[in-house]
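**Q** Everything below, folded, please.
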Amino acid sequence: KRKIQGWIVHPPDFDASKKYPLILEIHGGPFADYGDRFDFEKQAWASMGYVVLYANPRGSTSYGEEFANLIHHAYPGDDFDDLNSGVDAVVAKGYIDTNNLFVTGGSGGGVLTCWTIEHTDRFRAAASLYPVINWYSFVLTSDIPWVAQYWFPGNPWDNTDQYMQRSLTNLVGKIKTPTMVMTGEADYRTPISEAEQFYEALKLLNIEALLVRVPEEPHGIGRRPSHHIAKMLYVAGWFEQHKAK
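**A** Below is the predicted model of the structure:
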């Protein structure tokens, strides 16, 4: 066991004797970190009445080389347990409505959002933003094809099993969670074809799904302020729609 850090944003006029819905928000990268820095999106969701949790699962930077490399040739993987234990820790505080847990994240966080709902059905709805869904197609369409040399033992055709086992299509049959996928149409990092694959898979499984295509937006959906706001409102709207009354 090792300790990881997480941060909680409370809604305005927070009252610990009440029960609040929770959003778990997962960072991308996956080599990146969260800290005690102002975060506009999380503050906006908190202003809507959510408790927002964000944490640094294995693979995050700023904890040293060994911690960051725990995901070497193993991503996504046990990072789910790190994130899920964070949710458990906040639920244990007693002010979370456990019928209204939600999960979202962008890029690497979109990957882990999909991975999370493949490993638990505790979340009422999920919003996966600009994820990678199929590592094989990703390496052949992304503007960073070199991940084949670093995150994998080599090219996809020589390591098909590795690529398929770690693709989000592999365990998609386990999903029961209503899921929104959202990517910019000018995203060359995680091309929109990735989001389309996940959306179609969920449709084939008769899982409630929504695909949002944002015109002219690159990776991150932040080129236009109006699109950045729309992204946050789409996520909040999807969660609002799926709240247990």
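**Q** the longest helix in the chain is where?
**A** helix 225-242 (DSSP state H).
**Q** Alpha carbons of that helix, as CSV, please.
**A** Extracted in CSV, the C-alpha atoms of helix 225-242 (Å, rounded to 0.1, in the frame of the first residue of the first chain):
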residue,chain,number,x,y,z
PRO,A,225,-14.3,29.8,-24.7
SER,A,226,-17.9,29.0,-25.8
HIS,A,227,-16.9,25.4,-26.5
HIS,A,228,-15.1,25.1,-23.2
ILE,A,229,-18.2,26.2,-21.4
ALA,A,230,-20.3,23.9,-23.6
LYS,A,231,-18.1,21.0,-22.6
MET,A,232,-18.6,21.6,-18.9
LEU,A,233,-22.4,22.1,-19.4
TYR,A,234,-22.7,18.9,-21.4
VAL,A,235,-21.0,16.9,-18.7
ALA,A,236,-23.2,18.5,-16.0
GLY,A,237,-26.3,18.1,-18.1
TRP,A,238,-25.6,14.4,-18.7
PHE,A,239,-25.2,13.8,-15.0
GLU,A,240,-28.2,15.9,-14.1
GLN,A,241,-30.3,13.8,-16.5
HIS,A,242,-29.2,10.6,-14.8
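**Q** chain center to it: distance?
**A** 15 Å (C-alpha atoms, centre = their mean, to the nearest Å).
**Q** Assign residue 13 to helix, strand or coil.
**A** coil (DSSP: H, G, I helix; E, B strand; the rest coil).
**Q** so what secondary structure elements neighbour the longest helix of the chain?
**A** On a contact count with 3 or more C-beta pairs under 8 Å, 6 or more residues apart in numbering; DSSP states H and E, helix 225-242 meets helix 40-47, strand 96-106, strand 125-129, strand 179-184, strand 209-214. Backbone N, C-alpha and C define where each C-beta goes, glycine included.
**Q** Report the secondary structure state of residue 157.
**A** helix.
**Q** Contact partners for the closest residue to residue 119 other than its chain neighbours?
**A** Counting by C-beta to C-beta, 6 or more residues apart in numbering, the nearest residue to residue 119 once its immediate chain neighbours are dropped is residue 80, at 5.0 Å. When contacts are counted by C-beta atoms under 8 Å, 6 or more residues apart in numbering, residue 80 is found next to 112, 115, 116, 119, 120.
**Q** Now those residues in a markdown table, please, with extra columns for distance to residue 62.
**A** Converted to a markdown table, the contacts of residue 80 look like this (distance: C-beta to C-beta, whole Å):
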| residue | distance to residue 62 |
| --- | --- |
| 112 | 18 |
| 115 | 22 |
| 116 | 22 |
| 119 | 25 |
| 120 | 27 |
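**Q** Looking at those residues, which are in strands?
**A** Among the contacts of residue 80, DSSP state E puts none in strands.
**Q** If any of those are buried, put those into a ChimeraX selection.
**A** The buried residues among those can be selected in ChimeraX (16 or more other C-beta atoms under 10 Å) with this line:
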select :112,115,116,120
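**Q** Between the contacts of residue 80, which sits nearest residue 54?
**A** Using C-beta to C-beta, residue 112 comes nearest to residue 54 of the contacts of residue 80, at 11.9 Å.
**Q** And the pLDDT at the residue nearest to residue 47 when sequence neighbours are not counted?
**A** Distances taken as C-beta to C-beta, 6+ apart put residue 12 closest to residue 47, at 6.4 Å, once the chain neighbours are dropped. pLDDT for residue 12: 97.
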